[in-house]
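>>> I would like to see how this sequence folds:
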Amino acid sequence: MKQLGIQLALVIGALFFSINTSAQVTEVAVQDSMAVVNKRLRFGCGFGLSFVGGTNIALSPNLMYSLSNKVSLGVGLQGSYTSIKDLQKTTTFGGNIISQYQPIDRLMLLLEFAQLKVNTKTEAVTGDIETDYWDSALFIGAGLNITKNIAIGAKYNVLYDKDESVYTSPILPFVNIAF
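Model (predicted):
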């Protein structure tokens, strides 16, 4: 009987040790995979500020995931406020999907789709005119990586329509800072 108790204690001890070891190995594996994800995940923020012909303030934070050293995919938010004194005020907000390709270290190519909710208030003699609509943009662009975390460039909106687009031009310059 005493020998059976010792055998049972050894089996329980071995089982406990193997479960505990397995849990530690799994915890280390999870920590290692999180470290890989953290190295591949980057937070970025594009911004714009202009006071020529009025006030224009834009902010577009994004989250990018590097699939490889050359390809990244991400999502972002966009918001802007434009005001032309005594004429028009426009507010936009929305989201975008971004893909980036780096054929060489200094060059970044991008493809971006954005969907924006636009609210415009135009002051007229007869009263304010408000319009509220959705605007889509598909950008193809290129940028120069100044450093590993800063890129500047321009993008072209292939869906641009001068009568309906919220953008004043099909070509938009950009500055993006990644953390």
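>>> what are the buried residues along stretch 171-179?
For stretch 171-179, a neighbour-count test (16 or more other C-beta atoms under 10 Å) marks Leu172, Phe174, Asn176, Ala178 as buried. Every C-beta, even on glycine, is put in place using the N, C-alpha and C of the backbone.
>>> contacts only, for the spatially most central residue of the chain.
Most central in the chain under C-alpha atoms, centre = their mean is Asn62, positioned 2.1 Å from the mean C-alpha point. Shown here is Asn62, whose contacts under the criterion C-beta atoms under 8 Å, 6 or more residues apart in numbering are Phe43, Gly44, Cys45, Gly46, Gly74, Val75, Gly76, Leu77, Asn96, Ile98, Asn176.
>>> per-residue confidence, it, what does it come out as?
In this prediction, Asn62 carries a pLDDT score of 93.
>>> just to revisit the earlier point, which members of the contacts of Asn62 occur in strands, if any?
Restricting the contacts of Asn62 to those inside strands, with DSSP state E as the criterion, leaves Phe43, Gly44, Cys45, Gly46, Gly74, Val75, Gly76, Leu77, Asn96, Ile98, Asn176.
>>> let me have those residues in TSV, extended by pLDDT and distance to Phe113.
Putting these into TSV (pLDDT from 0 to 100; distance: C-beta to C-beta, whole Å) gives the following:
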residue	pLDDT	distance to Phe113
Phe43	92	20
Gly44	88	17
Cys45	87	19
Gly46	81	15
Gly74	95	12
Val75	97	10
Gly76	95	11
Leu77	96	14
Asn96	95	6
Ile98	95	8
Asn176	83	16
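>>> from Phe174, how far off is Ile150?
Distance, Ile150 to Phe174, using C-beta to C-beta, to the nearest Å: 11 Å.
>>> ok, for the residue nearest to the centre of the chain, nearest residue in space, not its chain neighbours?
Gly76 (3.1 Å; C-beta to C-beta, 6 or more residues apart in numbering).
>>> doesn't Leu59 make contact with that neighbour?
No: because the distance of 10.3 Å does not satisfy C-beta atoms under 8 Å, Gly76 is recorded as not touching Leu59.
>>> if you count surrounding residues, which of the two has more?
Under the neighbour definition other C-beta atoms under 10 Å, Gly76 and Leu59 were set side by side, and Gly76 has more, 20 against 14.
>>> contacts only, for that one.
Taking C-beta under 8 Å, 6+ apart as the test, what Gly76 contacts is Gly44, Gly46, Ser60, Pro61, Asn62, Leu63, Gly95, Asn96, Ile98.
>>> help me confirm that the fifth one is found in a strand?
This means Asn62. Yes: with DSSP: H, G, I helix; E, B strand; the rest coil as the criterion, Asn62 is part of a strand.
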